[in-house]
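[1] okay, structure incoming, though there's no sequence with it:
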């Protein structure tokens, strides 16, 4: 069944600094304005753009300043990763002629509601 593990965000995952930089550039804010909104000096704003990881308190301030939920980037990544693992599990454990929702749920021990979130 599915293993409990931390997602490897370095391999095809999220570089949060790049995402923040993209949203910052779209915002039209100056570096000084952005720095003031997140209580950060201008020179440190550019360091944020290079970070692969960031602490959650700072990410909350950045989310509020740029009016974007950066935490959703992680949630979407996790959901996508889980969906991929479930699809692999279905292909391994469920005979192809048995790919009916009720059989998939039985073989993989997943809630039927989860099937709606899986990509085809």
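    The structure has been received and is ready for your questions. Predicted model, so just to flag it, every value in this text is computed and none were measured.
[2] need phi/psi at residue 30.
    Phi and psi for residue 30, reported as degrees, to the nearest 10, are phi -80, psi 160.
[3] distance of it relative to residue 61?
    Taking Cβ to Cβ, to the nearest Å as the measure, residue 30 falls 17 Å from residue 61. The C-beta positions use only the backbone N, C-alpha and C, and glycine is treated the same way.
[4] flag every buried residue along whichever strand or helix holds residue 64.
    Per DSSP states H and E: residue 64 is located in helix 56-66. The neighbour-count check on helix 56-66 (16 or more other Cβ atoms under 10 Å) flags 58, 59, 62, 63, 65, 66 as buried.
[5] can these go into JSON lines with extra columns for distance to residue 43 and pLDDT?
    JSON lines is the format used below for the buried residues of helix 56-66 (distance: Cβ to Cβ, whole Å; pLDDT from 0 to 100):
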{"residue": "58", "distance to residue 43": "15", "pLDDT": "95"}
{"residue": "59", "distance to residue 43": "19", "pLDDT": "93"}
{"residue": "62", "distance to residue 43": "16", "pLDDT": "96"}
{"residue": "63", "distance to residue 43": "22", "pLDDT": "94"}
{"residue": "65", "distance to residue 43": "17", "pLDDT": "96"}
{"residue": "66", "distance to residue 43": "19", "pLDDT": "96"}
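[6] which one among those residues gets closest to residue 24?
    Closest approach between the buried residues of helix 56-66 and residue 24, by Cβ to Cβ: residue 66, at 6.3 Å.
[7] how close does the nearest residue to that closest one once chain neighbours are set aside get to residue 57?
    Closest residue in space to residue 66, ignoring its immediate chain neighbours: residue 23 at 4.7 Å, by Cβ to Cβ, 6 or more residues apart in numbering. Distance, residue 23 to residue 57, by Cβ to Cβ: 18 Å.
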